[in-house]
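Q: quick one, fold the following:
(chains A and B)
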Amino acid sequence: GQQLNQSPQSMFIQEGEDVSMNCTSSSIFNTWLWYKQDPGEGPVLLIALYKAGELTSNGRLTAQFGITRKDSFLNISASIPSDVGIYFCAGTSRAGTASKLTFGTGTRLQVTL
Amino acid sequence: DVKVTQSSRYLVKRTGEKVFLECVQDMDHENMFWYRQDPGLGLRLIYFSYDVKMKEKGDIPEGYSVSREKKERFSLILESASTSQTSMYLCASISSGGAETQYFGPGTRLLVL
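A: Numbering: from 1, shown residues only, chains lettered A, B, ... in the order given. Sure thing, here's the model as predicted:
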């Protein structure tokens, strides 16, 4: 099955630093999503992107849907300890009548004080 | 508030046992999904269902089966558990008519001895 290439695999940053992560694919997706997973929990949606070129913010988070529809990035500004977790990108495609998500391999973020 | 629940947070089973993982959503969503999550591999789709009694194979269906007898419930079955199936299992649901976002359950961490 297809997977998205997500980088970096892990990051260790200091509180207050900005963070950037990205996802690339060989296929076009209709929608790009960014999720965060806290330890022991399921992923929670952070940002959804629906149009090529779209730039969307959610508080300190900003994400963009690449013009080619094959990539996306997520930025976190002024990181805080609660930003710790695993961040996943995902692209949606249709599988019959269902929407199907393809996930990236995740970026593990650690924030030090 | 949207809710996806999974029957167990942690399970320990022996090789060869039959294992049932249950997922229930209260949002009247048509589409439901089962993923497994492994370090460095992200989330991989096992099976999905877009209607009652309908099922489709995902990217890694081998060793698994599913059941969708009611709209709100989607079960994942390991007919004969193996140690390679030790993993985190995540259930998700999505409405076919709405935005293409999936809501996840908290996950079941399965250990097969």
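
Q: A:Leu4 and B:Asn31, how far apart?
A: A:Leu4 sits at a distance of 20 Å from B:Asn31 (criterion: Cβ to Cβ, to the nearest Å). From N, CA and C alone the C-beta is placed, and that goes for glycine too.

Q: look up how far B:Thr101 lies from the residue nearest to A:Asn5 when sequence neighbours are not counted.
A: Nearest residue to A:Asn5, sequence neighbours excluded (Cβ to Cβ, 6 or more residues apart in numbering or on different chains): A:Thr24, at 4.9 Å. Distance, A:Thr24 to B:Thr101, by Cβ to Cβ: 21 Å.

Q: ok, A:Asp71 touching A:Cys23?
A: Yes - applying Cβ atoms under 8 Å as the test, A:Asp71 and A:Cys23 come out as touching, 6.2 Å apart.

Q: these two - which one has more neighbours?
A: A:Cys23 (27 against 19; other Cβ atoms under 10 Å in any protein chain shown).

Q: okay, and the beta partners of the more buried one?
A: A:Gln6, A:Ser72 (DSSP bridges).

Q: got the residues of chain B near chain A?
A: With the criterion set to Cβ under 8 Å from any Cβ of the partner chain, chain B comes near chain A through B:4, B:9, B:30-31, B:33, B:35, B:40-45, B:48, B:50-51, B:56, B:58-60, B:90, B:92, B:94, B:96, B:99-107.

Q: from those residues, which land in strands?
A: Taking DSSP state E as the definition of strands, those contribute B:4, B:31, B:33, B:35, B:42-45, B:48, B:56, B:90, B:92, B:94, B:103-104.

Q: tell me which of those has the lowest pLDDT.
A: Ranked by pLDDT, these bottom out at B:Ile94, which has 82.

Q: I'd say it and B:Thr101 touch.
A: Yes - B:Ile94 is in contact with B:Thr101 according to Cβ under 8 Å; the separation is 6.7 Å.

Q: of the two, which one has the most company?
A: B:Ile94 (25 against 18).

Q: residues near residue 80, how many?
A: All of this is about chain A. For A:Ile80, using other Cβ under 10 Å, the count is 12.

Q: try again with chain B
A: Based on other Cβ under 10 Å, the number of other residues close to B:Ser80 is 11.

Q: now swap in A:Lys36 and tell me
A: 21.

Q: that one contacts A:Val84, correct?
A: No - using Cβ under 8 Å, A:Lys36 is not in contact with A:Val84; the gap is 9.6 Å.

Q: A:Arg108: which element?
A: Using DSSP states H and E, A:Arg108 sits within strand A:107-112.

Q: so which other helices or strands are in contact with that strand?
A: strand A:10-14, strand A:85-95 (3 or more Cβ pairs under 8 Å, 6 or more residues apart in numbering or on different chains; DSSP states H and E).

Q: out of those, nearest to chain B?
A: Nearest to chain B among the helices and strands packed on strand A:107-112 is strand A:85-95 (4.4 Å), distances taken as Cβ to the nearest Cβ.

Q: which outside residues touch that closest one?
A: A:4, A:6, A:21-23, A:25, A:27, A:29-39, A:43, A:46, A:72, A:74, A:99-104, A:106-109, B:42-43, B:48, B:56, B:100 (Cβ atoms under 8 Å, 6 or more residues apart in numbering or on different chains).
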